[in-house]
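[1] Give me the fold of what follows.
(2 chains)
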Amino acid sequence: DVKVTQSSRYLVKRTGEKVFLECVQDMDHENMFWYRQDPGLGLRLIYFSYDVKMKEKGDIPEGYSVSREKKERFSLILESASTNQTSMYLCASRIRPGLTYGYTFGSGTRLTVV
Amino acid sequence: GQSLEQPSEVTAVEGAIVQINCTYQTSGFYGLSWYQQHDGGAPTFLSYNGLDGLEETGRFSSFLSRSDSYGYLLLQELQMKDSASYFCAVPNTDKLIFGTGTRLQVFP
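    Sure, this is the predicted structure:
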């Protein structure tokens, strides 16, 4: 069974901390994505990656960075966490090219910044 | 820019049929996808329409009209386990743009 695994289900961090969210997929997918999900706003794309060491900004990249050193791993970094980054973070991957554009999502990391 | 509109909430009873609509505005169009997400869970891919018409997968069907920039997800023979949020999404090159989601509540 294919999987996207996010390292933490729940995280509580303090304002100003550097936060790492890890995502690993076992499907040899080229494309990986980080979204955040907030009530009433749906899923918004933060960053995505076409391949190793490649990254592209999504719609809301401010305050975030990413790292993709290996194909299976895509990390989201909050350089200096703020309370407005409290959210559910979802990682996804997709084979490229994907005719049906079907993403496989991880179970999410609920981050609370206090 | 791109935007997708869905109703925020829909309610129905077990055994009924419900339709969740999605209208979109995109600069280019490559198809419409639907995802289901249960509370606390990950979104899961349901369907994709690249061409006009109806795609059926068991109790779920998805419809697309490109000329109307409109699609819908049809759920038949509703079950309690169908209570979830449903998102439409459109691809923009290699990324997906999601709607804000429709929360479906199924009552006994």
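[2] Quick one: residues contacting the nearest residue to A:Asp51 once chain neighbours are set aside.
    Among residues not flanking A:Asp51 along the chain, A:Glu30 sits closest, at 5.4 Å (C-beta to C-beta, 6 or more residues apart in numbering or on different chains). All C-beta spots, glycine's among them, are computed from the backbone N, C-alpha and C. Taking C-beta atoms under 8 Å, 6 or more residues apart in numbering or on different chains as the criterion, A:Glu30 is in contact with A:Tyr50, A:Asp51, A:Lys71, A:Arg94, A:Ile95, A:Arg96.
[3] In PyMOL, select just the buried ones from those.
    Burial among those is assessed by 16 or more other C-beta atoms under 10 Å in any protein chain shown; the matching PyMOL selection reads:
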select buried, chain A and resi 71+94+95
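[4] Tabulate the contacts of A:Glu30 in CSV, adding columns for distance to B:Ser33 and secondary structure.
    Converted to CSV, the contacts of A:Glu30 look like this (distance: C-beta to C-beta, whole Å; DSSP: H, G, I helix; E, B strand; the rest coil):
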residue, distance to B:Ser33, secondary structure
A:Tyr50, 19, coil
A:Asp51, 22, coil
A:Lys71, 24, coil
A:Arg94, 11, strand
A:Ile95, 15, coil
A:Arg96, 15, coil
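[5] Dump the contacts of A:Glu30 to JSON lines, plus distance to B:Cys22 and pLDDT.
    JSON lines is the format used below for those (distance: C-beta to C-beta, whole Å; pLDDT from 0 to 100):
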{"residue": "A:Tyr50", "distance to B:Cys22": "27", "pLDDT": "88"}
{"residue": "A:Asp51", "distance to B:Cys22": "31", "pLDDT": "89"}
{"residue": "A:Lys71", "distance to B:Cys22": "33", "pLDDT": "94"}
{"residue": "A:Arg94", "distance to B:Cys22": "20", "pLDDT": "84"}
{"residue": "A:Ile95", "distance to B:Cys22": "24", "pLDDT": "71"}
{"residue": "A:Arg96", "distance to B:Cys22": "25", "pLDDT": "61"}
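[6] any chance of the contacts of A:Glu30 in JSON lines, plus distance to B:Glu55?
    Formatted as JSON lines, the contacts of A:Glu30 follow (distance: C-beta to C-beta, whole Å):
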{"residue": "A:Tyr50", "distance to B:Glu55": "28"}
{"residue": "A:Asp51", "distance to B:Glu55": "31"}
{"residue": "A:Lys71", "distance to B:Glu55": "31"}
{"residue": "A:Arg94", "distance to B:Glu55": "19"}
{"residue": "A:Ile95", "distance to B:Glu55": "20"}
{"residue": "A:Arg96", "distance to B:Glu55": "22"}
